[in-house]
Structures are given as C-alpha cells and as structure tokens.
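Trainee: Next one to model:
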Amino acid sequence: MYSQLRNSRIKLSVGQIFWREIGQGPSLVFLHGSWNDGTQWLRTIELLNSNYQCFAPDLLGFGDSERPNVHYSIDLEVECLAQYLDTLKLRQVYLIAHSVGGWVAASYAIKYPDRVQGLVLLAPEGVQVGHRRARWQTARWLIAKPPLAYWLLRSIYPIAKLLGAKNKIDRLFEFRQQLMQSPVAVQLLLGRRRAEITAELVDENLPLLKAPVLVLHGAEDSLAALSLCQSYAALAPNAELQSISPGKSNLPQEVPELVAKYIREFAK
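Mentor: Modelled structure (predicted):
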C-alpha cells in the first residue's frame, strides 16, 4: 500500500502543507493528534483506501508541513484546513481526527457545516473538562526553563529503579520528549494565554453541529480522555460514543482494524 501513496505539497497563504493521498471514492480526511503527524493514520488508511479516497495531511507546523514563524491558534489551523480543502476542490468530506486534530475538525465543521458529511473523533481536545489547567500541569513542569524537573528526574532515577518506580519515570521522560518534539502542539494546548484558549473551545457551539458525530474512546485510555469523549457525545446533537477494547491513547496505531471498521460503518 505504501508504494501507492501519493505524497504532495501545496503552498497556501498561511504556509506549505504536506499530505499523503491514496484511493478512490468518498473523501476521508484524517487529522492527526497532538504528538503525531499524518503517518499516525497510515495503518488505518491501508484498510480503507480500496473504497475511499483518503487524505492524511500534516497540520501547519507539524511533520513535513511548513512551520512558519507565526502565532499558532486553532482558528489558524481551521483556516489552513479550509484553504487546503478548497484548493483540492473537496466540497464534501468526512473528517476523522484525533486529539488536537479533533479540536480542529470540530471547529471546521461548526464554521463550515455544509461541507462536512460526518465526524469521527478520537479523544478530541477543545472542550472544558474539569480542571483543564491542572490536566496540563505535569506538561508545564516537564518543559519549564530552566529544566529543573528534568534534572530532578535524572538525579532520582537510580533510586527510582531500586524502589520499583523506573517505569513511571521512563513514561515521564518519554512524555517530555514528545513535548520537546512538538512545539506547535505545546503552543496550541498550553503555551497561550488562558483567555485565548478558552475563546476557541467549542463547548458552546457543539450543539450547532449539523453533521453526525461518532466519538471513539479507548477502553484503557485515561480518565481525562474519557471525559473529553463524553463531553463531545453529550453536547453534539447527533453523536454516538463507542468504547474500543483493547485500546489506549493511540487507537489508529494500536487497533487500526477496529478503527477502520467503525469508520467504514459510519461512512456508509
């Protein structure tokens, strides 16, 4: 399948976008999560491209798309997505999206309701869930400058190994690496003023969604991810919530067969 992928770039007013494309049929546009790029969806696309035309772009500032020196926002990503779909003359699409991509997809569907046939959302960001600031406190702590948290973790690592806490420290190191490699995601989710982030949340506008919505939740994902999914399912008027087991935080790569099955049934 990968040998048949068409890799393309296009220059838009906000920057150059890179995407992967394969297949024929109804248009499915896949938007990746916070710490990923379009390759996150390749295993899922492999199971769908015989019946659908699949597009997997890297959002502006991610992956192989351009990272211009601009102030990133969800509104900017939505405008970039709109220009991208306009340029490709994709007038009617299904949007399948994870995490921050889900926030972009939902915002696009609210702004352009007649251009979205349906939404499949996996742990989508973009709603006010509990103590949102507290949810990202660990991330802020891990990437703070000077990197006191990193130095502290390095210093206690030998002791953590002796006490059986090695795996927990390793997960923190891995998360910090994801954060350091995803500066645009960090800016979108926790690097902006609170008022700006709050203004782009979709809670109040989700009831306006016209398109049907399928929300997929990994049965072994975090409670925060479950809360995000439940909020979308409760607020969108034509939404269904499905739990996928087994499944953790990256369903497109963990269980692509199940994700593709749900997409296929939803897009019939």
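Trainee: Now do the same contact list for residue 26.
Mentor: Neighbour list for residue 26: 51-53, 94, 117, 267 [criterion: C-beta atoms under 8 Å, 6 or more residues apart in numbering]. (C-beta placed from N, C-alpha, C; glycine too.)
Trainee: Helices of the stretch 101-250 of the chain, start to end?
Mentor: Secondary structure of the stretch 101-250 of the chain, counting by DSSP state H, counting those that start in this stretch: helices at 132-135, 137-143, 148-162, 166-180, 183-190, 194-200, 223-235.
Trainee: can you tell which of the ones you listed is closest to residue 61?
Mentor: The closest of the helices of the stretch 101-250 of the chain to residue 61 is helix 183-190. By C-beta to C-beta, the value is 3.4 Å.
Trainee: Please work out how many residues are found near residue 177.
Mentor: Neighbour count of residue 177, defined by other C-beta atoms under 10 Å: 12.
Trainee: Helix or strand: which one has residue 8?
Mentor: strand 6-12 (DSSP states H and E).
Trainee: And for residue 86?
Mentor: Using DSSP H and E, residue 86 falls within helix 74-87.
Trainee: what packs against that helix?
Mentor: Applying 3 or more C-beta pairs under 8 Å, 6 or more residues apart in numbering; DSSP states H and E, we find helix 74-87 packed against strand 6-12, strand 15-22, helix 100-111.
Trainee: Quick check: phi and psi on residue 191?
Mentor: For residue 191, the backbone dihedrals (degrees, to the nearest 10) come out as phi -100, psi 10.
Trainee: Tell me which residues touch it, please.
Mentor: Not one residue lies near residue 191 by C-beta under 8 Å, 6+ apart.
Trainee: what's the distance between it and residue 98?
Mentor: For residue 191, the distance to residue 98 equals 20 Å [C-beta to C-beta, to the nearest Å].
Trainee: what stretches of the stretch 51-200 of the chain score poorly on pLDDT?
Mentor: For the stretch 51-200 of the chain, the stretches with pLDDT under 70 are 130-135, 163.
Trainee: And the most far-flung residue of the chain relative to its centre, how far from residue 169?
Mentor: What lies farthest from the middle of the chain is residue 162; by C-alpha atoms, centre = their mean that is 36.7 Å. According to C-beta to C-beta, residue 162 stands 12 Å off from residue 169.
Trainee: so what's residue 14 closest to, chain neighbours aside?
Mentor: Leaving aside its sequence neighbours, residue 14 sits nearest to residue 80 (C-beta to C-beta, 6 or more residues apart in numbering; 4.9 Å).
Trainee: could you list every residue that touches that neighbour?
Mentor: Contacts for residue 80 (C-beta under 8 Å, 6+ apart) come out as 12, 14-15, 17, 59-60.
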